[in-house]
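> All I have is the shape, not the residue letters:
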């Protein structure tokens, strides 16, 4: 298959060289001047034109001592091939740009804020490096994003930790310490950091929407490790509204460290001390996705994760979020 493709490509290149020589000859009315413009020897240009004329069975140019001029057939031939050659050259340049991720779209799914942290910085660097790539950030849940990745509606998604996912690739990128969001006037807001056993009498609120259900599971799992069983109330609010409800004193909720970049009146964030409350984040994508913009993004992600060059906690295991 590969050899057949290479053979076809060679044939196309061969004929395109002939056509470009014909156009240059028609423009310059001279084999010598056409050769100079193409960086070729005049005898090579003359021979290519003759080969094409023999193939077509018609003379394209009249030769004389002062140069050449297109025949009637040659004029018509040049008129027909010029837009085609220009379109092919344009398509070739466009494909090359897309292959270098200079154009196109990158669709990123997330279930946490990009107000700050590793992902925010990663997207900033990518956009600066590839300004012609349109970057779409899509909010949603884990299952929703996975379905979109498999349907090629998303290129990559980032989750708080990820077990092995069939038919998808993953990369560990960064970790964030979990913080407890509470109102400024809350007694615990005066603490520098918190433990779960200090939260046993607190009321937690979580969103009914993503990532609320995962946060609910996380609260249950981590508090049970301390023998604590707090009250958890689901709210029909998106995450930003939920944080405002926390600021209004309706409850507390756990969030990742990137929420520290969000400034909401009356809201305080305090870190949890336990190392088990450091959550690793992974990127997930389909190995069959050949979007060049995605490939460049993954390369940048690997380099940043390897060098720990952006921000976040050192990568840790196990997976406390799931």
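Received, thanks. Everything quoted here is computed from the prediction, not taken from an experiment.
> Go through the longest strand along the chain and flag the buried ones.
Using DSSP state E to define each element, the chain has its longest strand at strand 169-183. By neighbour count with 16 or more other CB atoms under 10 Å, strand 169-183 contains the buried residues 169, 171-183. (C-beta placed from N, C-alpha, C; glycine too.)
> Which neighbouring elements make contact with it?
For strand 169-183, the packing partners by 3 or more CB pairs under 8 Å, 6 or more residues apart in numbering; DSSP states H and E come out as helix 118-129, helix 239-247, strand 253-256, strand 267-271, strand 278-285, helix 292-307.
> For the second one, list every residue counted as buried.
Buried residues in helix 239-247, counting neighbours by 16+ other CB under 10 Å, are found at 239, 242, 243, 245, 246, 247.
> relative to helix 239-247, how tilted is the longest strand of the chain?
Counting by axes from the mean of the first three to the mean of the last three CA atoms, to 10 degrees, strand 169-183 lies at 30 degrees to helix 239-247.
> domain ranges for this protein?
For the chain, automatic domain parsing gives the domain ranges 2-99, 104-171+280-307, 175-277.
> tell me, which of these is the model least confident about?
Note on the domains of the chain: lowest mean pLDDT is at domain 2-99, with a mean of 80.
> Can you report how many residues neighbour residue 184?
Neighbour count of residue 184, defined by other CB atoms under 10 Å: 12.
> do the same with residue 132
There are 13 residues near residue 132, going by other CB under 10 Å.
> just the buried residues of helix 239-247 now: which is nearest residue 226?
residue 246 (21.3 Å; CB to CB).
> give the contact list for the closest one.
181, 182, 183, 205, 252, 253, 267 (CB atoms under 8 Å, 6 or more residues apart in numbering).
> do residue 59 as well
Per CB under 8 Å, 6+ apart, neighbours of residue 59: 53, 71, 73, 74.
> Report how many residues lie close to the first one.
Burial of residue 53 is recorded as 19 neighbouring residues (other CB under 10 Å).
> does it really touch residue 60, like I thought?
Yes. Contact criterion CB atoms under 8 Å: residue 53 and residue 60 qualify, at 5.4 Å.
> if we can go back for a sec, which one of the helices and strands packed on strand 169-183 lies nearest to residue 64?
helix 292-307 (50.1 Å).
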